[in-house]
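> Predicted model follows, preceded by the sequence.
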Amino acid sequence: MAFFTVVGLAATIISIEKPEDPHARAFEERLKILFGNQLPQAVLEHNRKTLQSNARYSTNGSRKIYIKEYNAEIDAYHVRSENHYFMKSAIADFDWTEEIIMKIEPDELPRLQSGRVGMITSFKINGAEKIRGPKPITKEKLELKFKETSPAGRAVEVVTEHEIYMACDCEQSQTAMRFAESLSVRFINQCDEGVKISFADRPGTLEPLGFNEEYQVKRAGVEPGDLIVNFKLHAPRGKPGQAIPENAGTEAVHVIQTNVRSLSGTG
């Protein structure tokens, strides 16, 4: 009898000390444990929305930039960009709604006669295409917005593709809009000639890319607002028949942002 008493007592102690699965309690109850019961309801509600918003993060996002062709007439490269990432939430027991925003601010291309500088060819959220046919990118700023509500525990997958002219010798940058486990940018040269890329964090250094060569920039543990990459594409100078001013396009700025911003959470 004494043996069973000791064993029973040990089992009781273990069951008391064993950590409880946080999802065994409602999210509101977990908030009250964290902040206490004395907070006004309005403050508790603010803290709830803030936690739910900050709990969203990106896993391993990637961007591929295919450098397709150099256009000597406008001193710019025709490039194709592919972006792919997943949004998840560290709090998996409530539905959440995201506003997914894509902003494009084209380079200034004074020699380009057409008002069209590119096109968005695909914008998919969780596998569903959001645009009907290619959407032209003009010389004006472009912004697309879509809302997506995901059930508790599910990720949001975003895949976008677009083509555009990138002016030579112009600063191109990508900034993180949300915390990410890692973000990578890959440059793939598909021109029939070499391409040179310079990076702001390595002044005076040019990275040459031959045909079908690749170069990758990768950042881990990225905080919101962190600069992922800042680069310039440079024209193939000195080719026969080309007379490109050295200052062509130096005033243009090109920024592409894919931004996911939280709207609300329910649960």
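Structure received.

> just checking, what packs against the helix or strand hosting F146?
Per DSSP states H and E: F146 is located in strand 142-150. Here strand 142-150 touches strand 95-105, strand 116-125, going by 3 or more C-beta pairs under 8 Å, 6 or more residues apart in numbering; DSSP states H and E. Where you see a C-beta, it was placed from the backbone N, CA and C, and this is true even at glycine.

> what number of residues lie near E28?
11 (other C-beta atoms under 10 Å).

> how far away is F187 from I228?
In this view, F187 and I228 are 13 Å apart by C-beta to C-beta, to the nearest Å.

> now swap in A220 and tell me
Look at A220 and I228: by C-beta to C-beta, they are 11 Å apart.

> more neighbours, these two?
Higher neighbour count among A220 and I228: I228, with 18 against 10, using other C-beta under 10 Å.

> Work out for me the element E45 sits within.
Assigned by DSSP H and E, E45 belongs to helix 41-54.

> Against which helices or strands is that helix packed?
Looks like helix 41-54 contacts helix 27-35, strand 253-266 (3+ C-beta pairs under 8 Å, 6+ apart).

> Pull out the buried residues from the first one.
When you say that, I think you mean helix 27-35. Neighbour counts using 16 or more other C-beta atoms under 10 Å place 27, 30-31 of helix 27-35 among the buried residues.

> how far off helix 41-54 does it point, in degrees?
Helix 27-35 runs at 100 degrees relative to helix 41-54, counting by axes from the mean of the first three to the mean of the last three C-alpha atoms, to 10 degrees.

> Could you tell me how far helix 27-35 lies from the centre of the chain?
Distance, stretch centre to chain centre, for helix 27-35: 31 Å (C-alpha atoms, centre = their mean, to the nearest Å).

> same deal with stretch 129-139?
The chain centroid and the centroid of stretch 129-139 are separated by 19 Å, computed with C-alpha atoms, centre = their mean.

> Restricting to C-alpha, output it in CSV.
Only the C-alpha atoms of stretch 129-139 are listed here, as CSV (Å, rounded to 0.1, in the frame of the first residue of the first chain):
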residue,chain,number,x,y,z
GLU,A,129,-5.4,34.6,-59.6
LYS,A,130,-6.5,38.1,-58.6
ILE,A,131,-6.0,39.9,-62.0
ARG,A,132,-7.7,39.2,-65.3
GLY,A,133,-5.0,39.3,-68.0
PRO,A,134,-1.8,41.4,-67.9
LYS,A,135,-2.2,44.7,-66.1
PRO,A,136,-0.2,47.5,-67.8
ILE,A,137,2.3,49.5,-65.7
THR,A,138,2.5,53.1,-66.9
LYS,A,139,4.9,55.9,-66.0
